[in-house]
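Student: What would the 3D arrangement of this be:
(chains A and B)
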2 protein chains.
Amino acid sequence: MTSPLRIGIVGLGTVGGGTLNILSQHAELLAARCGRPVVVSAISARSRGRDRGVDISRIRWLDDPLGMASDPDIDVVVELMGGAEGVARQLVEQALLNGKSVVTANKALIAHHGIALAQMAEKTGAVLAFEAAVGGGIPIIKALRDGLAANRFLRIAGILNGTCNYILTTMWEHKRGFDEVLKEAQALGYAEAEPSFDVDGVDTAHKLAILTSLAYGCAPAIDHMHVEGIRRISLRDMEFAAELGYVIKLLGITSHTEGGILQRVHPCMVAADSPLASVHGVYNAVLAEGDAVGTVLFEGRGAGAGPTASSVVADIMDIARGVRYKPFTLPVAQLACLPFSGMDNLRCSYYLRLSVTDKPGVLAEVTGIFKDERISLRSFLQHSHQPGETVQLVLTTHDTQESAMLRAMAAIAALGSVKEEPHMIRIENI
Amino acid sequence: MTSPLRIGIVGLGTVGGGTLNILSQHAELLAARCGRPVVVSAISARSRGRDRGVDISRIRWLDDPLGMASDPDIDVVVELMGGAEGVARQLVEQALLNGKSVVTANKALIAHHGIALAQMAEKTGAVLAFEAAVGGGIPIIKALRDGLAANRFLRIAGILNGTCNYILTTMWEHKRGFDEVLKEAQALGYAEAEPSFDVDGVDTAHKLAILTSLAYGCAPAIDHMHVEGIRRISLRDMEFAAELGYVIKLLGITSHTEGGILQRVHPCMVAADSPLASVHGVYNAVLAEGDAVGTVLFEGRGAGAGPTASSVVADIMDIARGVRYKPFTLPVAQLACLPFSGMDNLRCSYYLRLSVTDKPGVLAEVTGIFKDERISLRSFLQHSHQPGETVQLVLTTHDTQESAMLRAMAAIAALGSVKEEPHMIRIENI
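Tutor: Numbers count the residues shown, from 1 in each chain, chains lettered A, B, ... in the order given. Presented below is the predicted three-dimensional model:
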């Protein structure tokens, strides 16, 4: 098989431009590694004129991206537009139904429609590949699907959103608040003008759903997931975390619990010497725990032209080399309907910060509530203060059932001496 | 393709036992992920009676391991005996020549004879796979070959020997000397009775040669490599390293230099906040720097039954699924004869520790020699001491050519006031 693999690229933003760059700069290297050339047969994007750092004047331009799906000179459609619906979805569906393989970086599309798309691919024998959808340049999809395929997975946990990790890192390093750092990140282009997709955990949720499906052999289940973002994280919490030996990270975590598979996205305190604690800025990391392999850590840049395009091109190369995997490891018909667990079943340690009036008896009231719920306290912090002021009371617990913790929090919130909604952050032992 | 894949396992030590365990405990899971069962058709090892934690009574036993190579009921030979020559080599050669695929964890065999074996595999269409040869459970071979295949690699650096990393970590944590910790590691089974293969860097060299060949598209070149072990590392050096903000690790490093590909295995000082600095105990880690992806870190257990068997079984699963890669990414005929560089061309920073008589003028003599070689000093340390005693003088340099550093060291060693051979450790900026 030495005939060129002909690809069509739709979407020439950051990742599309990066993909074109690698394909043109490394044409010879890729041809050697694949045993055949990879050529760009056509491109399509919103704006033809924009400078992308690579000469596109000699590449065939299609005004209608959907034309790629039936173009006789295209073997593989590379979808880099984004969005779970609209043209991106139509394009991928039509391409697969026409037997054209698809490479995409579109996590929303895969998280929402991945199974339907995998079925289309099965029907026509096309490949559907999405390494770039999770973890940017980190080859985590391939690792779960092949390198670690001999394992039952106990837990998959990751820092999957570079924007959130950048904001949390910068808040701590520069001792500034969330809103201020978010604005700066927007100015620098690290965060979108409408940031909720990132900072409310939606993007992490999409990626986690994909990792769960690969690790546990089920369809991506974005609806069976607890999702919290980082808006409520304050510098004050970070300072208490540091005092307790923790760092705050937004994690996506899937694990086996007695109640089933538990998927959750929320800020976590992780020990300062955890490998995830030292993942800074826009870096992503995934920690996979397998029953045979133990813990394996993957860390790299989670976004950007080069890293994401590295994963896009790796998928293209697999197709060029004739390497074929099922998109979700198992054939669609064999994907299990696993029981998913709610957060009630979660057992972990908790950090709780209370703003209380500084008067005798408050701590006794709070600890009484913990006693009633049989929650065992691990540590307690209260900083020096002026008499009569509102003070911050910080408590951490031993392993506790989430439902008990929520009941305790509700009872504590109702105390007259508690001035604000109690702030809880889960502590992940990782 | 739903017929079972029939494997024969030769060698039932730690890794062989672990492989049998995964194959029996996860039989159903593997069959689902591969689309066909994987069955153990026969086994062979030195001792039939030993307890391996898994029932082997119903598996066909072959007294002669070489019989596997022509056994009609075996599709894949899994070689877990070890050793670059002898029965292991014969077995792998005969199996490949008979068209049977081979999975091996044998780094010495692959580093020395990998190309000849790959040629045999090409001739008969057999697969030759060796994920378990490097990094234990870390899927680094697959990552270089597929997940990161779109990149030109600038540098590959790794902690590749768990025994050395365990010794260095324990020396520092328990404030004890090399000899003492080595003895303890031997008693615990973490180091061999004849430890030179590990502590003198030979094992790391084998693994690095394999990573180099995958990253740079050349034959493994064990002879074009500078190899130093960890015997000369003292607790005193570790203490100075800590004072300077470094940690000492044995690294295998391959990089592009002006003079060609430079492969080296030696103790390095790495910054305390480098991701490699926090790789402790028996863990391994590989840091790959690609021109598109940037830096990607892989970390996991570098040895042991579960981790290594995880990689062995992953290779078996690839074969079961019909996934085929060239063993060294490129066909053998296309592997390049790259120019390899000698250490003379290395440029890095250096740490130098001198035992000198405490009298006026010593520092002036030493710095004069550095000046003559145009070596620029970065820092200087001398601890408080009793007058008249031998004192430790520690110097670090800015980036310097190795050849200049060696000349300076020779001149310094010849000074009357220098009491012992100067001790140099390279500082790796990673």
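
Student: A:R236 reaches A:H383, doesn't it?
Tutor: No: contact criterion Cβ atoms under 8 Å: A:R236 and A:H383 do not qualify, at 10.0 Å. For glycine as for every other residue, the C-beta is placed from the backbone atoms N, C-alpha and C.

Student: and these two? which has more neighbours close in?
Tutor: Ranked by neighbour count (other Cβ atoms under 10 Å in any protein chain shown), A:R236 and A:H383 place A:R236 first, with 14 against 11.

Student: Mind listing the shared neighbours of A:R236 and A:H383?
Tutor: A:Q392 (Cβ atoms under 8 Å, 6 or more residues apart in numbering or on different chains).

Student: which residues in the stretch 51-200 of chain A form helices?
Tutor: A:86-97, A:107-124, A:140-142, A:162-174, A:178-188, A:196-199 (DSSP state H, counting those that start in this stretch).

Student: closest one to B:W172 among the ones you listed?
Tutor: Judged by Cβ to Cβ, the one of the helices of the stretch 51-200 of chain A that comes nearest to B:W172 is helix A:162-174, at 27.6 Å.

Student: ok, and does that closest one reach over to chain B?
Tutor: No: using Cβ under 8 Å from any Cβ of the partner chain, helix A:162-174 never reaches chain B; the gap is at least 12.2 Å.

Student: Pull the number of nearby residues for the residue lying closest to A:S274 once chain neighbours are set aside.
Tutor: Nearest residue to A:S274, sequence neighbours excluded (Cβ to Cβ, 6 or more residues apart in numbering or on different chains): A:I430, at 5.5 Å. The local packing of A:I430 (other Cβ under 10 Å) involves 18 other residues.

Student: dump the residue contacts of A:I430.
Tutor: Contacts of A:I430 (Cβ under 8 Å, 6+ apart): A:155, A:157, A:251, A:268, A:270-271, A:274, A:276, A:287.

Student: how about those residues in CSV, adding secondary structure and pLDDT?
Tutor: Formatted as CSV, the contacts of A:I430 follow (DSSP: H, G, I helix; E, B strand; the rest coil; pLDDT from 0 to 100):
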residue, secondary structure, pLDDT
A:R155, strand, 97
A:A157, strand, 98
A:L251, strand, 98
A:C268, strand, 98
A:V270, strand, 98
A:A271, strand, 97
A:S274, coil, 93
A:L276, coil, 95
A:L287, strand, 98
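
Student: beta partners for A:I43?
Tutor: Per DSSP bridges, the residues bridged to A:I43 are A:I9, A:W61.

Student: Could you double-check that it sits in contact with A:D63?
Tutor: No: at 10.9 Å, A:I43 and A:D63 do not qualify as touching, with contact defined as Cβ under 8 Å.

Student: of the two, who's got more company?
Tutor: Shown here are A:I43 and A:D63; by other Cβ under 10 Å, A:I43 has more neighbours (24 against 8).

Student: just to revisit the earlier point, among the helices of the stretch 51-200 of chain A, which is the most enclosed?
Tutor: The highest average neighbour count among those, using mean count of other Cβ atoms under 10 Å in any protein chain shown, belongs to helix A:140-142 at a mean of 28.
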